[in-house]
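Asks: Dropping a prediction and its sequence here:
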Amino acid sequence: MVQITINGKQIEAPEGTTVLRAAQMAGIHIPTLCDHKELVPYGGCRLCIVDVEKWRVPMASCTLPVSNGMVVNTETEAIKKSREFILSMLFSERNHFCPFCQVSGGDCELQNAAYHEEMTYWPIQPGWNKFAVDTTHPYFILDNNRCILCRRCVRACGELVGNFTLAAAERGAASMIVADTDVPLGESTCIKCGTCVQVCPTGALIDRTSAYQGPNAEFTEIKSVCAGCSVGCATKLIIRNNRIVRIEGDWDGAINHGLLCEHGRYDPMNESRTRITTPQMRKNGKLEPVSWEEALGAVADKLRPLAGGKNGVAAIASTRLPVETLAMFKELFVGNFKSELVTSTEEGMPTAAVTSFAEKNGAFEGKLDVLRTADTVLCIGANINRNHMVAGFMFKRNLPKGTRLINIDPEISELDYLANSTLKNKRGSDMALIKGLQAIIVKEGLGRSPLDIPDADGLIKKAIGATGVSREELTQAAQTLARSISPVILFGKGITAQRDEKLVEELYRLAVLVGAVDSERNGLLSIKGEANSLAATLLGLDEAFNLNGQQAVYVAIGDDYASKSLVERVSKAPYLAVQASYESSLTEKADVVLPVTIWSEQDGHYLNLDGHMQSTQKAITAPENVRDNMAVLSEVAMRMNMTMKSDWKTSVLERKSSVALN
Ligand SMILES: Nc1nc2c(c(=O)[nH]1)N[C@H]1C(S)=C(S)[C@@H](COP(=O)(O)OP(=O)(O)OC[C@H]3O[C@@H](n4cnc5c(=O)[nH]c(N)nc54)[C@H](O)[C@@H]3O)O[C@H]1N2
Ligand SMILES: Nc1nc2c(c(=O)[nH]1)N[C@H]1C(S)=C(S)[C@@H](COP(=O)(O)OP(=O)(O)OC[C@H]3O[C@@H](n4cnc5c(=O)[nH]c(N)nc54)[C@H](O)[C@@H]3O)O[C@H]1N2
Ligand code: SF4
Ligand code: SF4
Ligand code: SF4
Ligand code: FES
Ligand SMILES: [Mo]
């Protein structure tokens, strides 16, 4: 600990802390602009200057480490004057006519900093260049005329997202933020995560959907969780008049620490499907609007005689539904209807193999956080650049610092361009490949723990033959992995959809062999599917959906998309009841359609891919005639005189999880 004094107050701060953070911890406000708690201190704007006793010049507190006995003053006359001068310079350098700016009125950090200094004008004559406004991006606008060159956007895109799209070009007053080699943002390598917009302190990067909708003070903010995939990023929903105007990443989010991807931030804002607002029933071959009474009555009458019987009701639920809804779905169809086929839309493709391995061996997977410190990531059968993007950010940002990436995928993916080695193995040849890697490591004596491999040469030969990968490529990948200090093995549906528990077992053995898994660390992860992929498998909803003479199918698709293959399969049943939020080729085929809430209109829990249970609350009110997913299931149960009593929290604990739950 280091003792320092700020504004006469004695403060203890850990060594290495900056003066700014020490002040903040002690409740002392120092104005800042380029500083951001998730970014490496940069010291660019100089607004955070402080006076340090015995030092000749004022120092930027955001980059100044504390030292013992340091005496700091933040509010001397000289410092206040300097801050005003710095702000005057910033205001005069660009077009900061605040009343015409979308973030004016409480949301602009530059404007607020000026008010904090009680400035109402700036004495320096404005003299600025005109910059073209870049409106080529589908989701946001870049206006360099309002930029203060704090480079938070540049740093966030690189340090946090790992995309390195943004940079500052030119020098001095002509400096401007550009994408790639100064191409329009809409044509750049931007992956549309919106992190740069979220960190921009001014109106230079503004969001299309929420611009000019009013200041934040007029909105309500509700914490939520993204249902876009199984990473489970924490969000803040910015709401006005029962409408989401913007989605932000929650900086306090335990998993994502403020980051979101395009699917979390923008997809829900650009929903183009048509909402179903009334129950419908097929009459004379056509879907007609009916009352809830009529629709539920018809479903109950149809399903009642099928309960408990052979070839009765098959039921399938989306893994995007909340855990409690999935648990109730299971209780209704497995517990009460005794249906022979009850599963989820994912059919256990991303999860069944890991869960069956876990049932025998206990939790064997690690937590997403290991990706942040990995020095090598072996990615096998996982398209992390497109799916589960925020998990990808956790290591992509370290690639320029030396983290190595090995990508094993039969198809060409964007990940290949970032990888140090890419192995293009033949589909389904992963068993031979993994054993080949083990054999090379053991043969070269690179293993961290003993593994008995009797015929290493044979296995290596077999791997080369089965995969079509050359000996050199295989050896290079094996050596890279084995020589790492903190390797992580990440696998996805390319592996799990082979539904072979043995493949998971061999990956586990490889992980132990190279020290990815040891007593201190667990660097073996499967990335799973939709928001409640893990919960669905723990509830046993992970079988393949193959109809086998069932008389009726009940689909709880909620707000999810139905795949073409699912629609084809369910269409074969004589009777189809669908619980859905949006019109689709699935609802077109239905005999009864029950309109239900979407993610933002219902309370619920989500169990993410690494075992974090998170809750969301209803943020907006659903259209009048739309009912909650759970309420509809209990209405069906009630009409069957079926009792629903079990507790979802115990239901998800019935099977062993592949990752520890918290
Ligand atoms: N943004 C976004 N994120 C998503 C989703 C989304 O739609 N959008 N969907 C979510 C869902 S439902 C799921 S299930 C997951 C899926 O996420 P992933 O686990 O990434 O699954 P896929 O994209 O199906 O397949 C991963 C890779 O495996 C490769 N592959 C295919 N066969 C083999 C093989 O035999 N061996 C090896 N080694 N590789 C093979 C494929 O070429 C593909 O690149 O993503 C989730 N995340
Ligand atoms: N054999 C086999 N069966 C599987 C799987 C497998 O890998 N192999 N995977 C399982 C898994 S994990 C899942 S999640 C399911 C379904 O998983 P997939 O088979 O991956 O489902 P998709 O076909 O991607 O998605 C459903 C449909 O929604 C549309 N869609 C999706 N997102 C959007 C969007 O943003 N906008 C618009 N306009 N349309 C969109 C797509 O065009 C598609 O027609 O299948 C499961 N079944
Ligand atoms: S949206 Fe994301 S990827 Fe695109 S420039 Fe901004 S931070 Fe970079
Ligand atoms: S665009 Fe915004 S975040 Fe980026 S440098 Fe300019 S003011 Fe800072
Ligand atoms: S990574 Fe997944 S959970 Fe996170 S914002 Fe993207 S879609 Fe949502
Ligand atoms: S906040 Fe310290 S220099 Fe910008
Ligand atoms: Mo999935």
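Replies: Perfect, thanks for sending it. Ligands and ions are numbered 1, 2, ... in the order given.
Asks: Give me the distance between residue 76 and residue 523.
Replies: Per Cβ to Cβ, to the nearest Å, residue 76 is found 50 Å from residue 523. All C-beta atoms are positioned from the backbone trio N, CA, C, and that covers glycine.
Asks: Look at those two and report which has more neighbours.
Replies: Each of residue 76 and residue 523 has its neighbours counted (other Cβ atoms under 10 Å); residue 523 has more, 26 against 13.
Asks: is it true that that one touches residue 516?
Replies: Yes. If you go by Cβ atoms under 8 Å, residue 523 and residue 516 touch, sitting 3.8 Å apart.
Asks: Over to residue 356. Which of the three states is it?
Replies: Using DSSP: H, G, I helix; E, B strand; the rest coil, the structure places residue 356 in helix.
Asks: and stretch 376-394, anywhere near ligand 1?
Replies: Yes. Counting by Cβ under 6 Å from any ligand atom, contacts between stretch 376-394 and ligand 1 involve 380, 381, 382, 383, 386, 387, 388, 389.
Asks: now the end-to-end length of that stretch.
Replies: Start and end residues of stretch 376-394 are separated by 12 Å (Cα to Cα, to the nearest Å).
Asks: on that earlier part again, overlap in contacts, residue 523 and residue 516.
Replies: 487, 488, 489 (Cβ atoms under 8 Å, 6 or more residues apart in numbering).
Asks: Would you mind writing the CA trace of the strand or helix carrying the second one as CSV?
Replies: To tie it back to what came earlier, the one meant is residue 488. Taking DSSP states H and E as the criterion, the element that holds residue 488 is strand 487-491. Presented in CSV, the C-alpha positions along strand 487-491 are these (Å, rounded to 0.1, in the frame of the first residue of the first chain):
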residue,chain,number,x,y,z
PRO,A,487,-3.3,-22.8,-23.6
VAL,A,488,-7.0,-23.0,-24.1
ILE,A,489,-8.9,-25.5,-26.2
LEU,A,490,-12.2,-24.3,-27.5
PHE,A,491,-14.7,-26.5,-29.3
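Asks: Number the chain from 47, please
Replies: OK, 47 is where the count begins now, so the last one is strand 533-537.
Asks: got the contact list for it?
Replies: 412, 416-417, 420-428, 430, 437, 441, 527, 550, 553, 556-557, 560-562, 569-573.
Asks: Same question for stretch 400-420.
Replies: Against stretch 400-420 from outside (Cβ under 8 Å, 6+ apart): 277, 301, 394, 423, 437, 440-441, 444, 449, 530, 532-534, 536, 542, 547, 550-551, 554, 563, 567-572, 583-584, 588, 655-657, 701-706.
Asks: In strands, which of those residues fall?
Replies: 423, 533, 534, 536, 570, 571, 572 (DSSP state E).
Asks: count of neighbours near the closest residue to ligand 2 within the chain?
Replies: Of all residues in the chain, residue 607 sits closest to ligand 2, at 3.1 Å by Cβ to the nearest ligand atom. Residue 607: 15 surrounding residues under other Cβ under 10 Å.
Asks: show me what contacts it?
Replies: The neighbourhood of residue 607, defined by Cβ under 8 Å, 6+ apart, consists of residue 630.
Asks: re the thing from before, in its sheet, what does the strand holding residue 534 sit against?
Replies: strand 422-426 (parallel), strand 570-572 (parallel) (DSSP bridges).
Asks: mind giving me the domain ranges of the chain?
Replies: 48-121, 145-155+169-316, 326-396+579-698, 398-572 (automatic domain parsing).
Asks: before we move on, the earlier item: just curious, which of the ones in strands among the contacts of stretch 400-420 is nearest to ligand 7?
Replies: Of all the ones in strands among the contacts of stretch 400-420, residue 572 has the smallest distance to ligand 7: 12.2 Å, by Cβ to the ion.
Asks: For beta bridges, what are the partners of the closest one?
Replies: Taking DSSP bridges, one obtains residue 537 as the residues bridged to residue 572.
Asks: burial count for it?
Replies: By other Cβ under 10 Å, 30 other residues sit near residue 572.
Asks: could you measure it against ligand 3, distance?
Replies: Look at residue 572 and ligand 3: by Cβ to the nearest ligand atom, to the nearest Å, they are 26 Å apart.
Asks: Could you verify that residue 58 is part of a strand?
Replies: Yes. Counting by three-state DSSP, residue 58 falls inside a strand.
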